[in-house]
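A.B. asks: Sequence first, predicted coordinates after that:
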Amino acid sequence: MKTQKILVSLVAIFALAILTIASVSASSMNVEVSGFDNPTDLAVFAGQTLPVVVSFVADFDASDVRVKAWISGDKEYTVSTERFDVITGKRYSKFVMVEIPSNIDPSEDLKLEVLVESRNDGTMEESEVELSAQRESYNVEILDAEMNSEVKAGTSLPIDIVLKNRGYNLAEDTFVKVTIPSLGIVQKAYFGDLSSVDEANPDKEDSVAKRIVLNIPSNAATGLYLVELQVYNADSNSVVTKKVSVVSGANGNSLFVTDANSKTFAANDRTVYSLTLVNSGDKIRVYNLVAQTSSSLTVDFDESTVIVPAGTSKTVNFNVVASKEGEYSFAVDVYSDNELTKSNSFLANVDNSAKTGFAGNATLVLTIVLAIIFVVLLVVLIVLLTRKPESKTEEFGESYY
């Protein structure tokens with residue numbers, strides 16, 4: 001008997017719970033997106049922000065109500081209103097801005113999820129809006145720009161930059177320009193063509209990573225400077241800003257001179273650069289050379305540890321080889337007493353068309369040298385042939401008859 005009473009009580013409680021849940025709702029919910037009332041297959045673009053207006057009539061009094069909205073599958077983009085109270089029979093309208101993820105797949109079906117909920121009563125009403133995903137035709141982004149937040153004056157600031165093509169079409173001839181306007185520093189690099197998606201055949205990628213090295217002047221004042229990174233091509237342009245703190249780091253006892261900061265050569269060719277270390281101090285100095293390069297560029301020093309007596313200088317040669325075409329900026333950092341004394345910036349313009357020109361120039365130089373040698377030898381021979389024999393005084397002994 002007691003068991004039956006308990007069962008009846010549980011059924012009554014369960015029925016009451018169902019009734020309560022059924023009553024927790026909002027009627028006449030309407031979702032307006034970008035000015036379209038309850039749209040179907042609305043076209044949206046990656047990275048776009050959608051204005052969404054949600055209106056409903058409350059079926060009962062409730063407190064701590066809020067409206068939430070997000071794109072299906074990406075709840076990290078969820079947005080919600082502040083909490084508010086509702087009164088039975090009243091109509092409410094709330095506005096939110098929903099961001100479309102920038103990494104959407106155009107072939108993917110998207111849905112805008114909208115929810116009205118109460119902290120105490122749970123879900124009051126929910127709705128879905130079908131969306132048609134698209135990418136902007138041309139959109140290249142700086143996905144990442146990794147650099148130190150502090151740099152010494154007179155040294156280099158390497159920046160590792162990753163680009164990604166978020167557009168629907170091929171991004172051709174893409175460049176990145178990095179500037180520190182207050183210091184008058186400008187450095188540009190060519191990042192090439194970026195496919196809209198990764199392709200195995202032909203081998204094309206939608207992202208690329210390269211390093212750009214900025215040479216900070218030795219007389220740069222200590223302070224916080226704005227660094228502007230601009231990615232651009234004929235169809236798109238975007239800018240990202242970062243900040244770097246420059247601190248004093250100049251060394252007046254050393255001077256570094258290069259024969260040429262920029263050279264043009266073909267891929268897999270070995271090209272020689274040089275750096276002259278001048279020790280103007282009054283004691284011997286030991287310098288250690290370290291190259292800052294990208295993965296496609298190698299630098300080999302004749303000697304990486306250089307001893308320079310006081311008041312003298314020494315020139316160090318280093319060979320540079322690139323595995324593929326492109327424009328590469330790299331740096332040779334000079335350390336003394338375990339501290340970075342100076343970073344020297346260089347540029348390698350790797351172009352296979354330079355191979356023929358180089359060979360032609362080498363042949364021309366060799367021809368000129370051989371011609372000069374031939375002329376010199378000819379002149380020497382003519383001089384020898386036209387020289388008159390020296391007159392000799394004959395000595396005769398006395399004759400006795």
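C.D. replies: That came through, no problem.

A.B. asks: can I see the domain layout of this structure?
C.D. replies: Listed by automatic domain parsing, the domain ranges of the chain are 26-134, 137-250, 251-378.

A.B. asks: could the ones you listed go into JSON lines alongside mean pLDDT and mean neighbour count?
C.D. replies: Every residue, glycine included, has its C-beta placed from N, CA and C. Below are those laid out as JSON lines (pLDDT from 0 to 100; neighbours: other CB atoms under 10 Å):
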{"stretch": "domain 26-134", "mean pLDDT": "83", "mean neighbour count": "16"}
{"stretch": "domain 137-250", "mean pLDDT": "87", "mean neighbour count": "17"}
{"stretch": "domain 251-378", "mean pLDDT": "83", "mean neighbour count": "15"}
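
A.B. asks: I figured I100 was touching F45, is that so?
C.D. replies: Yes: the pair I100 and F45 passes the contact test of CB atoms under 8 Å, sitting 6.7 Å apart.

A.B. asks: Next up, the contacts around the residue nearest to the spatial centre of the chain.
C.D. replies: Central residue of the chain (CA atoms, centre = their mean): I161, 1.5 Å from the mean position. Applying CB atoms under 8 Å, 6 or more residues apart in numbering to I161 gives the contacts 142, 144-146, 176, 178, 209-212, 229.

A.B. asks: Which residue is the nearest non-sequential neighbour of it?
C.D. replies: Nearest non-adjacent residue to I161, counting by CB to CB, 6 or more residues apart in numbering: A145, 5.2 Å away.

A.B. asks: picking up where we left off before, tell me the secondary structure for the residue nearest to the centre of the chain?
C.D. replies: At I161 the chain is in strand, as set by DSSP: H, G, I helix; E, B strand; the rest coil.

A.B. asks: In the stretch 251-400 of the chain, mark out all the helices, start to finish.
C.D. replies: 354-386 (DSSP state H, counting those that start in this stretch).

A.B. asks: follow-up on the earlier one: give the contact list for the residue nearest to I161.
C.D. replies: 159-162, 229, 240, 242.

A.B. asks: just the residues you listed now: which is nearest T78?
C.D. replies: V240 (25.6 Å; CB to CB).

A.B. asks: what sits against the closest one?
C.D. replies: Going by CB under 8 Å, 6+ apart, the list of residues near V240 reads 142, 145, 228-229, 231.

A.B. asks: Closest one of those to V286?
C.D. replies: Among those, A145 lies closest to V286 (CB to CB), at 34.7 Å.

A.B. asks: so how far is L229 from that closest one?
C.D. replies: Look at A145 and L229: by CB to CB, to the nearest Å, they are 5 Å apart.

A.B. asks: cool, S280 as well?
C.D. replies: Separation of S280 from L229 (CB to CB) stands at 37 Å.

A.B. asks: And for Y77?
C.D. replies: Counting by CB to CB, the gap from Y77 to L229 is 25 Å.

A.B. asks: Which SSE is immediately downstream of the helix or strand encompassing I212?
C.D. replies: Taking DSSP states H and E as the definition, I212 sits inside strand 207-215. As assigned by DSSP H and E, the chain's next helix or strand after strand 207-215 is strand 223-232.

A.B. asks: What ranges does the stretch 251-400 of the chain have for its strands?
C.D. replies: Secondary structure of the stretch 251-400 of the chain by DSSP state E, counting those that start in this stretch: the strands cover 254-258, 262-265, 271-279, 285-292, 297-301, 305-308, 312-322, 326-336, 339-350.

A.B. asks: quick one: which of these is nearest S195?
C.D. replies: Of the strands of the stretch 251-400 of the chain, nearest to S195 by CB to CB is strand 326-336, at 16.8 Å.

A.B. asks: which neighbours does that closest one have in its sheet, and in what orientation?
C.D. replies: Strand 326-336 has its sheet partners listed here by DSSP bridges as strand 285-292 (antiparallel), strand 339-350 (antiparallel).

A.B. asks: Kindly confirm whether my reading is correct that N319 touches S274.
C.D. replies: No: if you go by CB under 8 Å, N319 and S274 don't touch, sitting 10.6 Å apart.

A.B. asks: I figured N219 hits A153, correct?
C.D. replies: Yes: between N219 and A153 there is a contact at 7.0 Å, judged by CB under 8 Å.

A.B. asks: Give me the three-state assignment for M29.
C.D. replies: strand.

A.B. asks: Let me see the contact set for it.
C.D. replies: By CB under 8 Å, 6+ apart, M29 lies in contact with 54-56, 114, 116, 125, 127.

A.B. asks: Repeat the analysis, applying 6 Å as the threshold.
C.D. replies: 56, 125, 127 (CB atoms under 6 Å, 6 or more residues apart in numbering).

A.B. asks: I'd like to know which of those residues is nearest to F256.
C.D. replies: S127 (67.6 Å).

A.B. asks: Quick check: bridge partners of the closest one?
C.D. replies: Applying DSSP bridges to S127 gives these bridge partners: V114.

A.B. asks: Please enumerate the helices of the stretch 1-150 of the chain.
C.D. replies: Going by DSSP H, counting those that start in this stretch, the stretch 1-150 of the chain shows helices at 2-23.

A.B. asks: could I get the strands paired with strand 326-336 as JSON lines with distance to L183?
C.D. replies: Putting the strands paired with strand 326-336 into JSON lines (distance: least, CB to CB, whole Å) gives the following:
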{"stretch": "strand 285-292", "distance to L183": "19"}
{"stretch": "strand 339-350", "distance to L183": "14"}
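
A.B. asks: Of those strands, which is nearest G223?
C.D. replies: strand 339-350 (19.0 Å).
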